[in-house]
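# I need the structure of the sequence given here:
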Amino acid sequence: MTSQHGGRLGSQRPVLRSVPPRASSAGAEAIEQAEAAGLILDEWQELAVDDILGEAEDGSWAAMETGVIAPRQNGKGGIIEATELCGLFVLGEQLILHSAHEFKTAQEAFQRVLALVTNTDDLRKKVKKITQAHGEEGIQLLSGQRLRFVARSGGSGRGFSADRIILDEAYALTADQMAALLPTLSARPNPQVNYYSTPPKEAAAFLCELRKRGKNGSPGLVYLDWGADLNMASPTLAESIADRDLWYRTNPALGIRISETFVQKELDALPPEEFARERLGVWPAAAGGSVIDPEQWGRLADLDSGIDGAMALSVDITPSRDYASVAAYGVRADGLGHMEIVEHLPGTDWVIRRLVALRDRWKPVAIALDVKGPAGSLLVELEKHGFRKPEDPESPKFGDLLILTSAEVAASCGQMIDAVTQATLRHIDQPQLNTAVAGAKTRPLGEAWGWGRKVSGIDISPLVAGSHARFAWEARAHLVTDAEYDVLESIF
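Residues are numbered from 1 along each chain as shown. Sure thing, here's the model as predicted:
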């Protein structure tokens, strides 16, 4: 999108928009009232105001809850101010509570609204009282209607009966604070609570549940989210966040009140995770799911999938050594990858025998082993059974071991996440692999990431083995000779 001056503008439509059915909206009145007070909204702000103030057939709000999630300094405050002015001067709301995590934020919001009111003759004439005492900031009209500004705490809002609750900086909301605030709506005939925020740092934050409901299209919720669809735990995060097209998709005010030059300075100064959250609106890795999106993983299931040609194998063992997995990876006739768990059984005493049988039957291009992980204990026994490292790394033979370095372990994790995101592999919907994918988390590994066996809290050995097998195939399949391929084709 371009501005009237020809410059590029950020996307005026959110990445995720969930709006329940409505019969009408008070949005146009709110936008008109804001303009009369000197507040000219951007297109995206007008969209948000119109969605928030959507009305059902009976005139009540179409949604009791609304959420606007966007990176910092884009102008969420303009949306808040427009709805507050409309609530006070158009809709007749008796009490509007505006709360923020830090009181200085609430004070700043109060000063902005106060300036809009006092600088507009028609609005100023309707004001009875302005309170600026610390902690008591607010505006009261001659009609008795009030707009109060408070900092959040376990007791904020108790004793009030509000028509509208504005929850700015909602990333810091706690269950106790919501328990204090939400009952204030119960006695009002047509209440609404409005959440405004950037994403939280923790996947367990109260706001993450709102996001889940927004993604599921909750009927009582308006949800607008400009956040980038990136994985905070991805090893390629630092590369992804440098994409300027992504900056424009996630910052509606880029080109209006935010410049590319400033965003570049933020990128240079901030750690990747902080830049991703604050400027691109990226959510915590486990918010609403695992590191790998289970829905995306489910779409990659193909019960008829199979390898057409060479394969690689890998083995992984749980830290408690109560289970082990052997995985295979290769490529299908259509060029997509195929991942499959060959075995997933209790204990480890069966692993060597099974690998010998698989090697002799299928002649894999490589058998990957992370010797620094639990499966490293197998190396000596594997060597006794004729498994070896290639004499010439550039001319490996079928059945040779691929001893993974820490960097390669990290690369296998990142490449697996990318393959799922880019839909370049398929699987046969095996429960043990599905469970591992659904619960997998990552752990720091140098400057990158590896699968976190312990932090995941479940058996993710099928996923670890599958990731390593995929890396082994990518590293070795192109190095075997044509003669060896002929041998393999005769076996298949």
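# which other residues reach stretch 205-216?
If you take CB atoms under 8 Å, 6 or more residues apart in numbering as the criterion, stretch 205-216 is touched by 16, 18, 65, 67, 69, 170-175, 178, 195, 197, 199-200, 202, 221, 223, 225, 283-284, 287-288. C-beta here means a position set from N, CA and C on the backbone, and glycine is covered the same way.
# buried ones in it?
Across stretch 205-216, burial judged by 16 or more other CB atoms under 10 Å covers 205-208, 210-211, 213-214.
# Filter the contacts of stretch 205-216 down to the buried ones.
18, 65, 67, 69, 170-173, 178, 195, 197, 199-200, 221, 223, 225, 283-284, 287-288.
# how far away is D42 from C86?
D42 sits 17 Å away from C86, going by CB to CB, to the nearest Å.
# Quick one: mean pLDDT for stretch 432-452?
The pLDDT scores in stretch 432-452 average 80.
# now stretch 273-280
The average pLDDT within stretch 273-280 is 94.
# Repeat that for stretch 191-201.
On average, stretch 191-201 scores 94.
# where does this protein have low pLDDT?
The chain contains residues with pLDDT under 70 at 1-6, 153-160, 176, 180, 203-204, 233-235, 285-290, 446-447, 455-456, 481-492.
# Got phi/psi on the residue most central in space within it?
Taking CA atoms, centre = their mean as the criterion, W283 is the residue nearest the geometric centre of the chain, at 3.7 Å. Per-residue torsions, W283: phi -90, psi 160 (degrees, to the nearest 10).
# Quick check: it vs E43, distance?
25 Å.
# Could you do P364 as well?
56 Å.
# Burial check on S325, number of neighbours?
Neighbour count of S325, defined by other CB atoms under 10 Å: 28.
# Look at it and tell me its secondary structure.
Three-state assignment for S325 (DSSP: H, G, I helix; E, B strand; the rest coil): strand.
# got it, and S395?
Quick answer, by three-state DSSP: S395 is coil.
# Pull the number of nearby residues for the nearest residue to it once chain neighbours are set aside.
Nearest residue to S395 in three dimensions, chain neighbours excluded: L479, at 6.8 Å (CB to CB, 6 or more residues apart in numbering). L479 has 17 neighbouring residues, counting by other CB under 10 Å.
# Might one say that L479 is in contact with E394?
Yes: using CB atoms under 8 Å, L479 is in contact with E394, at 6.5 Å.
# any idea how far P219 lies from E57?
For P219 relative to E57 (CB to CB), the value is 14 Å.
# I misspoke; the intended subject was E239.
From E239 to E57 the distance is 49 Å (CB to CB).
# returning to that earlier point: from the neighbour counts alone, determine which of D42 and C86 ranks first.
Applying other CB under 10 Å to D42 and C86 shows that C86 carries more neighbours, namely 23 against 19.
# For my notes, confirm the more buried one occurs in a helix.
Yes: secondary structure of C86 (three-state DSSP): part of a helix.
# Ignoring the adjacent residues along the chain, who's closest to it?
Nearest to C86 is A30, by CB to CB, 6+ apart, at 3.6 Å.
# what's the helix or strand hosting that neighbour packed up against?
Following DSSP states H and E, one finds A30 within helix 27-36. Where contact means 3 or more CB pairs under 8 Å, 6 or more residues apart in numbering; DSSP states H and E, helix 27-36 is packed against helix 43-52, helix 76-89.
# So which of those helices is nearest W473?
Among those, the nearest to W473 by CB to CB is helix 43-52 (45.0 Å).
# Off-centre distance for the host helix or strand of V68?
Assigned by DSSP H and E, V68 falls within strand 65-69. Between the centre of strand 65-69 and the centre of its chain there are 16 Å (CA atoms, centre = their mean, to the nearest Å).
# quick one on the thing from earlier: tilt between the helix holding A30 and helix 76-89?
Calculated by axes from the mean of the first three to the mean of the last three CA atoms, to 10 degrees, helix 27-36 forms an angle of 100 degrees with helix 76-89.
# Please identify the buried residues of helix 27-36?
By neighbour count with 16+ other CB under 10 Å, helix 27-36 contains the buried residues 27, 30-31, 33-34.
# any chance you could map the helices in the stretch 201-350 of the chain?
In the stretch 201-350 of the chain, helices defined by DSSP state H, counting those that start in this stretch lie at 206-215, 237-240, 244-250, 260-269, 272-280, 294-299, listed in chain order.
# so can I have TSV of those helices showing distance to I458?
As requested, the helices of the stretch 201-350 of the chain are exported to TSV (distance: least, CB to CB, whole Å):
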stretch	distance to I458
helix 206-215	20
helix 237-240	24
helix 244-250	32
helix 260-269	35
helix 272-280	24
helix 294-299	13
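# Comparing these, which comes out most buried?
Ranked by mean neighbour count under mean count of other CB atoms under 10 Å, the helices of the stretch 201-350 of the chain are led by helix 272-280, which reaches a mean of 21.
# contact partners of it?
Contacts of helix 272-280 (CB under 8 Å, 6+ apart): 71-72, 198-199, 201, 227-228, 230, 232, 237-238, 241, 246-247, 250-251, 263, 266-267, 270, 282-283.
# do the same with stretch 86-98
With CB under 8 Å, 6+ apart, stretch 86-98 has contacts from 26, 29-30, 33-34, 49, 53, 80, 84, 106, 109-110, 123, 126, 139, 141, 143-150, 157, 160-166, 168, 181, 184, 188.
# how about it: buried residues?
In stretch 86-98, counting by 16+ other CB under 10 Å, buried: 86-89, 91, 93-98.
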